[in-house]
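K.L.:
when you get a sec, could you give me coordinates for this:
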Amino acid sequence: MTTAHSSHWAAPPPPLSYMTTMGAGSLFGTCQLTRPSSADFQATMPNQNKPTPPIKEIEPHITHMWKARLNDRQIVEELRKLIDTNQYGIGLTKFIQIRKQMGLI
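P.N.:
Coordinates of the predicted model:
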């Protein structure tokens with residue numbers, strides 16, 4: 001004997017292209033759907049549409065950090081601290097290409 005009561009089931013999640021914000025009123029506040037702003041994407045993709053820094057400027061730093069046995073992600077994090085991130089950007093994929101060109105495999 002089964003009864004279908006939709007009131008017992010949670011509402012389906014919002015589409016992935018939207019973000020939800022909860023009201024501050026109560027535990028069961030209302031949900032308001034908002035589109036993510038471009039600032040949200042910039043926070044997750046810091047090098048989007050920015051040129052790569054000149055290789056001659058970052059090559060000594062890469063070599064030094066490679067010899068210190070930092071992994072690729074750690075090196076990219078450190079490079080982002082060293083370069084002007086308003087002007088340049090570097091991501092993991094581009095860094096791996098540069099590292100291989102330098103012969104650091």
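K.L.:
just the strands from this structure, written as ranges.
P.N.:
19-22, 31-34 (DSSP state E).
K.L.:
any stretches of the protein with poor pLDDT?
P.N.:
1-47 (pLDDT under 70).
K.L.:
break the protein into its domains for me.
P.N.:
Following automatic domain parsing, the chain resolves into domains at 15-43, 46-101.
K.L.:
which residues in the protein form helices?
P.N.:
For the chain, helices defined by DSSP state H occupy the ranges 38-44, 55-67, 72-82, 92-101.
K.L.:
unless I'm mixing things up, I83 is touching H61, no?
P.N.:
No. Applying Cβ atoms under 8 Å as the test, I83 and H61 come out as separate, 9.0 Å apart. C-betas here are computed from N, CA, C, even on glycine.
K.L.:
so for those two, which sits in the more crowded spot?
P.N.:
I83 (20 against 16; other Cβ atoms under 10 Å).
K.L.:
contacting residues around the more buried one?
P.N.:
P53, E57, I58, I90 (Cβ atoms under 8 Å, 6 or more residues apart in numbering).
K.L.:
in stretch 61-73, what counts as buried?
P.N.:
H61, I62, M65 (16 or more other Cβ atoms under 10 Å).
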